[in-house]
Structure formats: structure tokens, C-alpha cells
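**Q** everything below, folded, please.
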Amino acid sequence: MTNNVAEKIKRLRKSKGFSQEDMAEKLHISQSAYARIETGESHSWAAHIEKLSEIFEVKPENFLTDETNNLEQENTDQKGGMAFQFVGTINTINSLSEKITELYDERIKELKDQIEYWKSQAQDKN
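**A** So this is what the prediction gives:
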């Protein structure tokens with residue numbers, strides 16, 4: 001999923017005519033940190049999802065869906081007044097939290113596997 005998010009972010013950046021340096025400046029991170037977001041090497045996009053949504057004028061959940069068309073839609077689709085929009089926002093936040101938790105759980109598992117590997121390597125040398 002992270003690569004899909006990375007690809008969407010890159011596509012949106014290009015559609016807005018921004019350079020990676022422009023985006024890094026807007027997010028208050030280094031250009032190399034931003035480049036890692038676009039290549040999928042970093043999950044830090046999750047920490048910047050609100051700002052990315054604001055910059056690209058899309059809903060946060062659009063980064064996490066499989067549909068590509070929804071990224072170009074305006075945030076004016078919601079109907080039903082402020083109460084409905086508030087509930088929709090809460091549902092979006094809950095959904096994003098779950099997805100981010102999944103990403104971090106995957107990364108923790110990868111890191112634990114690496115730790116076990118290096119522990120076994122160290123024991124083999126002893």
C-alpha cells in the first residue's frame with residue numbers, strides 16, 4: 001500500500017507543478033526526506049497527511065484508497081450539512097488511524113525480524 005500512496009503523492013505533486021524541493025519546504029522537511037516519501041522508502045507521509053491533503057486539495061482518505069480517480073475530486077462532494085461532514089471526518093480519522101497502525105505494525109515486524117537475524121549472526125560468531 002505504501003508504494004500506492006507514494007505514487008499518488010508523486011502524481012499529485014507533478015500535477016500541481018511542484019518540485020520535490022517545493023514540497024519539502026511546504027512540509028518543513030529536507031528534500032531527501034521528501035524524496036524517500038515518493039519512493040516509498042519512508043512511511044513519514046502519514047505524519048504529514050493533513051498538510052498533504054491541504055496542499056493537494058484532496059481528502060486524506062484519498063491517499064489510502066485504491067481508486068485513482070478520487071484524487072482529482074474536490075472536497076465538496078459531501079452533502080448533508082456540517083453534522084454529516086463531522087461524522088465523515090471522524091470516520092476518516094479512524095480509518096486513517098487503522099491504516100497507519102497497520103503500516104507501523106508491519107514495520108515493527110520487519111525490524112524485529114532484522115534484530116533476530118543480527119542476534120543469530122552475533123551468536124554464530126561467538
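
**Q** show me where pLDDT drops low in this protein?
**A** Residue ranges of the chain with pLDDT under 70: 1-2, 66-94.

**Q** now with 80, please.
**A** Along the chain, segments meeting pLDDT under 80 span 1-3, 64-99, 126.

**Q** ranges for the helices of it?
**A** In the chain, the helices defined using DSSP state H lie at 2-16, 20-27, 31-39, 49-56, 81-125.

**Q** quick one: which of those is nearest Leu64?
**A** Evaluated over the helices of the chain, closeness to Leu64 peaks at helix 81-125, with 5.2 Å, by Cβ to Cβ. The way it works is simple: take the backbone N, C-alpha and C, and place the C-beta from them, glycine included.

**Q** format the helices of the chain as TSV; extra columns: distance to Thr65 and mean neighbour count.
**A** Output for those, formatted as TSV (distance: least, Cβ to Cβ, whole Å; neighbours: other Cβ atoms under 10 Å):
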stretch	distance to Thr65	mean neighbour count
helix 2-16	9	17
helix 20-27	21	17
helix 31-39	18	18
helix 49-56	13	17
helix 81-125	10	11
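
**Q** how about a markdown table for these, with distance to Leu64 added?
**A** What follows is those, written out as a markdown table (distance: least, Cβ to Cβ, whole Å):
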| stretch | distance to Leu64 |
| --- | --- |
| helix 2-16 | 7 |
| helix 20-27 | 18 |
| helix 31-39 | 14 |
| helix 49-56 | 9 |
| helix 81-125 | 5 |
